[in-house]
Structures are given as C-alpha cells and as structure tokens.
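1. Mind looking at a prediction? Sequence and model below.
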Amino acid sequence: MPHRLTDIDTWIFDLDNTLYPPSAKLFDLIDERMGGFIMRLLNVDAVEARRVQKQYFHDHGTTMAGLMRHHGCTPRIF
C-alpha cells in the first residue's frame, strides 16, 4: 500500500547541501519549479515570473512569503 502524504507530520528540507551534494543542483531544480509555479499562478511569461520570484525573495525573505502576502497563497500539499 502506498504511503499517504497526510500521514507525514515532519518534513526535512536539505537547503545547505548536507544530504545532497552541490552536483545534484538542488537549488537549480527548486528555482526552476518555483518559476513554473509562478508562471501558472500569475499567468505570466518566464521573464516576469523570474522577476516576481526574485523580488519577493528579496523583499520578504522567501518567495513563498511574498506569494502568501500579495496573492493569498497558502502552503499546501499537492
């Protein structure tokens, strides 16, 4: 039986290359996925999505915090 994501109570994120080596390019993958999410959410092209992503990161500390504040996004499991 597959594991249900709703059964997970703790997530661990590797954001300092402790679990994955820099060669895995984890940050590049996160950056790409976040850009695609913003493109779909705001119905904008890749250039505008990147601008928004980096501006929110700069202004709010994380892109997600900016999306939550300005667009009513909430963290959730997809």
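-> Ah, there it is. Numbering: from 1, shown residues only.
2. In the chain, where's the longest helix?
-> Assignment by DSSP state H gives helix 26-42 as the longest helix of the chain.
3. Which strands or helices does that one pack on?
-> Secondary-structure packing of helix 26-42 (3 or more CB pairs under 8 Å, 6 or more residues apart in numbering; DSSP states H and E): helix 46-60, helix 63-71. Glycine gets a C-beta too; all of them are placed from N, C-alpha and C.
4. Could you export those as TSV, including distance to Arg4, mean neighbour count and mean pLDDT?
-> As requested, these are exported to TSV (distance: least, CB to CB, whole Å; neighbours: other CB atoms under 10 Å; pLDDT from 0 to 100):
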stretch	distance to Arg4	mean neighbour count	mean pLDDT
helix 46-60	31	15	97
helix 63-71	24	17	94
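5. Make a markdown table out of those and add distance to Pro22.
-> Formatted as a markdown table, the entries for the helices and strands packed on helix 26-42 read as follows, by distance: least, CB to CB, whole Å:
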| stretch | distance to Pro22 |
| --- | --- |
| helix 46-60 | 20 |
| helix 63-71 | 21 |
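6. Compare these and give me the one nearest Thr10.
-> helix 63-71 (18.5 Å; CB to CB).
7. Other residues contacting the closest one?
-> 34, 38, 41-42, 52-53, 55-57, 59-60, 73-75 (CB atoms under 8 Å, 6 or more residues apart in numbering).
8. how does it look with 10 Å?
-> Helix 63-71 is contacted from outside by 30-31, 34-35, 37-38, 41-42, 52-60, 62, 73-75, using CB atoms under 10 Å, 6 or more residues apart in numbering.
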